[in-house]
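Visitor: build me a structure from this.
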Amino acid sequence: MKLPPADSELGKLMATLPRPGRIEWIGLRPKRDVSMDEVQQVVAETGAGLVGDRYSGGSGKRGITLIQAEHLPVIAALSGHESVQPATLRRNLVVSGLPLIALKGRRFRVGEVLLEGTDECDPCSRMEAALGPGGFNAMRNHGGLCARILEGGTIRLGDAVTPVD
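Guide: From the prediction side, this is the model:
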């Protein structure tokens with residue numbers, strides 16, 4: 001996604017965020033068709049993915065997936081559930097406090113790790129089974145963000161999520 005020029009009015013609006021975000025949850029998918037493991041910290045490898053995640057070493061474009069904490073109650077409501085646990089949605093990081101969509105096409109830090117938002121993380125057909133009938137549609141436009149790992153390091157619960165200008 002090509003961002004508008006930084007000095008344009010739209011560019012200034014898109015670059016302005018109210019505050020840093022925060023990592024609220026971290027999960028890994030060790031293998032296909034198994035539950036996610038909740039962890040306190042994880043190592044991110046440059047150009048690859050998260051150590052212990054089944055996608056590690058795969059496409060760098062989707063080296064890590066993020067979902068917005070504020071969207072979890074929306075997904076729950078739209079899928080007819082009282083609440084939805086992050087592991088059900090199969091994203092690696094749950095971020096609170098900033099709109100993830102604002103990081104699409106931008107570089108940002110999660111603690112010491114440098115990421116680049118590559119694309120929206122659209123739901124897959126597994127969400128229909130995980131959330132029940134309509135689960136796929138409940139996640140549309142709420143699926144989060146995919147990111148490429150540009151500089152590796154350790155991501156920990158509570159780390160700040162901040163855009164890099």
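Visitor: packing partners of whichever strand or helix holds residue 24?
Guide: Applying DSSP states H and E as the criterion places residue 24 in strand 21-28. Judged by 3 or more C-beta pairs under 8 Å, 6 or more residues apart in numbering; DSSP states H and E, strand 21-28 is in contact with strand 37-39, strand 41-44, helix 86-89, strand 93-96, strand 153-156, strand 160-164. C-beta coordinates here come from the backbone N, C-alpha and C atoms, glycine included.
Visitor: just name the most buried of these.
Guide: Ranked by mean neighbour count, the helices and strands packed on strand 21-28 are led by strand 93-96 with a mean of 24 (mean count of other C-beta atoms under 10 Å).
Visitor: show me the contact partners of that strand.
Guide: Residues outside strand 93-96 that contact it (C-beta atoms under 8 Å, 6 or more residues apart in numbering) are 21-27, 64-70, 72, 86, 110, 155, 161.
Visitor: and if we set it to 10 Å?
Guide: Identification of contacts with strand 93-96 by C-beta atoms under 10 Å, 6 or more residues apart in numbering yields 20-27, 42, 44, 50, 64-72, 85-87, 100, 103, 108, 110, 115, 144-145, 147, 155, 157, 159, 161.
Visitor: turn the helices and strands packed on strand 21-28 into CSV, including mean pLDDT and distance to residue 9.
Guide: Output for the helices and strands packed on strand 21-28, formatted as CSV (pLDDT from 0 to 100; distance: least, C-beta to C-beta, whole Å):
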stretch, mean pLDDT, distance to residue 9
strand 37-39, 96, 42
strand 41-44, 96, 35
helix 86-89, 93, 35
strand 93-96, 98, 27
strand 153-156, 98, 34
strand 160-164, 96, 18
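Visitor: can you check which of these gets nearest to residue 139?
Guide: Closest approach to residue 139 among those (C-beta to C-beta): helix 86-89, 7.2 Å.
Visitor: so what secondary structure elements neighbour the closest one?
Guide: For helix 86-89, the elements it packs on are strand 21-28, strand 37-39, strand 64-68, helix 72-79, strand 93-96, helix 126-131, helix 135-139, judged by 3 or more C-beta pairs under 10 Å, 6 or more residues apart in numbering; DSSP states H and E.
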